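> sequence-free structure coming up:
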(Lines give C-alpha, C1' and ligand atoms only; values in the text may rest on other atoms or scores of the structure.)
Protein backbone atom coordinates (compact mmCIF):
# COMPACT_ATOMS: atom_id res chain seq x y z
CA UNK A 1 0.00 0.00 0.00
CA UNK A 2 1.18 3.45 -0.70
CA UNK A 3 1.86 5.84 2.17
CA UNK A 4 -0.93 8.18 1.05
CA UNK A 5 -3.49 5.37 1.15
CA UNK A 6 -2.44 4.39 4.66
CA UNK A 7 -2.79 7.98 5.81
CA UNK A 8 -6.27 8.22 4.23
CA UNK A 9 -7.39 4.99 5.93
CA UNK A 10 -6.02 6.12 9.28
CA UNK A 11 -7.75 9.51 8.99
CA UNK A 12 -11.08 7.91 8.11
CA UNK A 13 -11.06 6.06 11.43
CA UNK A 14 -10.30 9.01 13.68
CA UNK A 15 -12.84 10.12 16.32
CA UNK A 16 -13.18 13.39 14.39
CA UNK A 17 -14.02 11.53 11.17
CA UNK A 18 -16.67 9.45 12.94
CA UNK A 19 -18.13 12.59 14.52
CA UNK A 20 -18.35 14.19 11.04
CA UNK A 21 -19.95 10.99 9.70
CA UNK A 22 -22.57 11.00 12.47
CA UNK A 23 -23.31 14.70 11.93
CA UNK A 24 -23.76 14.23 8.16
CA UNK A 25 -25.91 11.16 8.73
CA UNK A 26 -28.16 12.91 11.25
CA UNK A 27 -28.58 16.02 9.08
CA UNK A 28 -29.36 13.96 5.96
CA UNK A 29 -31.86 11.75 7.79
CA UNK A 30 -33.69 14.64 9.44
CA UNK A 31 -33.85 16.48 6.08
CA UNK A 32 -35.32 13.37 4.39
CA UNK A 33 -37.80 12.72 7.21
CA UNK A 34 -41.46 13.47 6.89
CA UNK A 35 -41.86 13.80 10.66
CA UNK A 36 -42.25 17.08 12.50
CA UNK A 37 -39.48 17.74 15.05
CA UNK A 38 -37.60 14.61 13.90
CA UNK A 39 -34.72 13.57 16.14
CA UNK A 40 -32.48 10.50 16.42
CA UNK A 41 -33.49 7.74 18.81
CA UNK A 42 -30.43 5.81 19.92
CA UNK A 43 -27.23 5.80 17.94
CA UNK A 44 -26.32 5.02 14.36
CA UNK A 45 -25.91 1.42 13.22
CA UNK A 46 -23.06 1.26 10.71
CA UNK A 47 -22.66 -1.72 8.40
CA UNK A 48 -19.24 -2.61 7.07
CA UNK A 49 -18.06 -1.44 3.67
CA UNK A 50 -19.51 -4.49 1.86
CA UNK A 51 -22.92 -2.87 2.53
CA UNK A 52 -21.94 0.82 2.74
CA UNK A 53 -24.95 2.08 4.67
CA UNK A 54 -25.63 3.38 8.16
CA UNK A 55 -29.08 3.13 9.73
CA UNK A 56 -30.67 5.52 12.21
CA UNK A 57 -34.09 5.49 13.88
CA UNK A 58 -35.88 8.84 14.04
CA UNK A 59 -38.79 9.85 16.23
CA UNK A 60 -41.12 12.79 15.81
CA UNK A 61 -44.76 13.60 15.16
CA UNK A 62 -46.83 13.20 12.01
CA UNK A 63 -47.54 16.67 10.56
CA UNK A 64 -50.63 15.67 8.59
CA UNK A 65 -53.85 17.05 10.03
CA UNK A 66 -55.63 13.68 9.95
CA UNK A 67 -52.79 12.13 12.01
CA UNK A 68 -53.60 14.47 14.93
CA UNK A 69 -49.93 15.12 15.80
CA UNK A 70 -49.53 11.41 16.62
CA UNK A 71 -46.00 10.24 17.49
CA UNK A 72 -44.20 8.27 14.84
CA UNK A 73 -40.91 6.64 13.95
CA UNK A 74 -38.96 6.27 10.75
CA UNK A 75 -35.98 4.14 9.85
CA UNK A 76 -33.39 6.09 7.90
CA UNK A 77 -30.79 4.31 5.80
CA UNK A 78 -27.94 6.55 4.71
CA UNK A 79 -25.90 5.49 1.67
CA UNK A 80 -22.38 6.52 2.67
CA UNK A 81 -21.02 6.40 -0.87
CA UNK A 82 -23.80 8.47 -2.43
CA UNK A 83 -24.31 10.64 0.67
CA UNK A 84 -28.07 10.14 0.34
CA UNK A 85 -30.68 9.31 2.99
CA UNK A 86 -33.76 7.14 2.48
CA UNK A 87 -36.54 6.92 5.07
CA UNK A 88 -39.38 4.51 5.66
CA UNK A 89 -42.17 4.49 8.24
CA UNK A 90 -41.19 2.31 11.20
CA UNK A 91 -43.99 2.71 13.74
CA UNK A 92 -43.74 -1.01 14.47
CA UNK A 93 -40.60 -0.08 16.46
CA UNK A 94 -42.78 1.73 19.00
CA UNK A 95 -43.23 -0.19 22.27
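Received, thanks. Small disclaimer: the values here were computed from a predicted structure and weren't measured.
> now do the lengthiest helix in the chain: which elements does it pack against?
The longest helix of the chain (DSSP state H) is helix 15-32. When contacts are defined as 3 or more C-beta pairs under 8 Å, 6 or more residues apart in numbering; DSSP states H and E, helix 15-32 sits against strand 36-46, strand 53-61, strand 71-79, strand 84-89. Heads up, the C-betas are built off the backbone N, CA and C, glycines and all.
> could I get these in CSV, plus columns for mean neighbour count, mean pLDDT and distance to residue 13?
Formatted as CSV, the helices and strands packed on helix 15-32 follow (neighbours: other C-beta atoms under 10 Å; pLDDT from 0 to 100; distance: least, C-beta to C-beta, whole Å):
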stretch, mean neighbour count, mean pLDDT, distance to residue 13
strand 36-46, 14, 95, 12
strand 53-61, 19, 96, 15
strand 71-79, 19, 96, 18
strand 84-89, 15, 97, 23
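> which one of those strands lies nearest to residue 18?
strand 36-46 (8.9 Å; C-beta to C-beta).
> what's the pLDDT at residue 21?
For residue 21, the pLDDT comes out at 87.
> before we move on, what about the one 4 residues further on?
At residue 25 the predicted local distance difference test score is 94.
> skipping adjacent residues, who's closest to it in space?
Leaving aside its chain neighbours, residue 25 sits nearest to residue 78 (4.8 Å; criterion: C-beta to C-beta, 6 or more residues apart in numbering).
> ok, residue 65 - how many residues close by?
7 (other C-beta atoms under 10 Å).
> separation between it and residue 22?
34 Å (C-beta to C-beta, to the nearest Å).
> residues contacting residue 85?
25, 28, 29, 31, 32, 76, 77, 78, 79 (C-beta atoms under 8 Å, 6 or more residues apart in numbering).
> in the sheet, who's paired with it?
For residue 85, the beta-bridge partners under DSSP bridges are residue 78.
> residues near residue 14, how many?
10.
> I misspoke; the intended subject was residue 21.
16.
> go ahead and confirm it touches residue 43.
No - assessed by C-beta atoms under 8 Å, residue 21 is found out of contact with residue 43, at 11.8 Å.
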